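>>> Predicted coordinates and the sequence they were generated for:
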Amino acid sequence: MTRLIRPLLTTATLALATLALPVSADTSHSHGSSSGGHHSTTAQKAQGEGTVKAISPVQQQVTLAHGPVKALNWPAMTMPFKVSEKSLLEGISVGDEVRFELDAQKRISTLQKK
């Protein structure tokens, strides 16, 4: 009797595990991403250049008129960005030409004058 039950339990366990795979694989997609429908990996760092239009240290935010950001398939535009650290805004003034790098959450992680 044990010879029959053990293979049946093994087969049933494998069948249930296989059915759960598509469900767990589907949860890795980032639906509702703010990247305009374009997916990016967490390791990706997008870089760009632009002109500082406004700075808000209280909100940890800088508004840039930037050129195209190829890694994200973004056209040139003016938009506000959060900075990953408030200290990135130190020494930056409205009108400065800058280079920047965005992290996976689309926050500026590097901000340098040209």
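It's in. Numbering: from 1, shown residues only.

>>> The lengthiest strand in the chain: partners in the sheet, and parallel or antiparallel?
Across the chain, the longest stretch assigned as strand under DSSP state E is strand 46-56. Within its sheet, and counting by DSSP bridges, strand 46-56 is paired with strand 61-66 (antiparallel), strand 97-102 (antiparallel).

>>> List the buried residues of that strand.
Buried residues in strand 46-56, counted by 16 or more other C-beta atoms under 10 Å: 46, 48, 50-52, 55. Backbone N, C-alpha and C define where each C-beta goes, glycine included.

>>> Out of the residues you listed, flag the one nearest to residue 100.
Taking C-beta to C-beta as the measure, residue 100 lies nearest residue 48 of the buried residues of strand 46-56, at 5.6 Å.

>>> In this protein, where is pLDDT below threshold?
For the chain, the stretches with pLDDT under 70 are 1-44.

>>> which of the strands paired with strand 46-56 sits most buried?
Most buried of the strands paired with strand 46-56 by mean neighbour count (mean count of other C-beta atoms under 10 Å) is strand 61-66; its value is a mean of 19.

>>> So residue 79 sits against residue 62, correct?
No: using C-beta atoms under 8 Å, residue 79 is not in contact with residue 62; the gap is 10.0 Å.

>>> on that earlier part again, make JSON lines from the strands paired with strand 46-56 and add distance to residue 72 to it.
Shown next, in JSON lines, are the strands paired with strand 46-56 (distance: least, C-beta to C-beta, whole Å):
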{"stretch": "strand 61-66", "distance to residue 72": "11"}
{"stretch": "strand 97-102", "distance to residue 72": "8"}
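
>>> if we compare these, which one ends up closest to residue 74?
That would be strand 61-66 among these, by C-beta to C-beta, at 8.1 Å.

>>> List the neighbours of that closest one that are in contact with it.
48-56, 76-83, 89, 92, 98, 100, 108, 111 (C-beta atoms under 8 Å, 6 or more residues apart in numbering).

>>> sorry, back to before: list just the nearest of the buried residues of strand 46-56 to residue 68.
So of those, ranked by how close each gets to residue 68 (C-beta to C-beta), first place is residue 48, at 7.6 Å.
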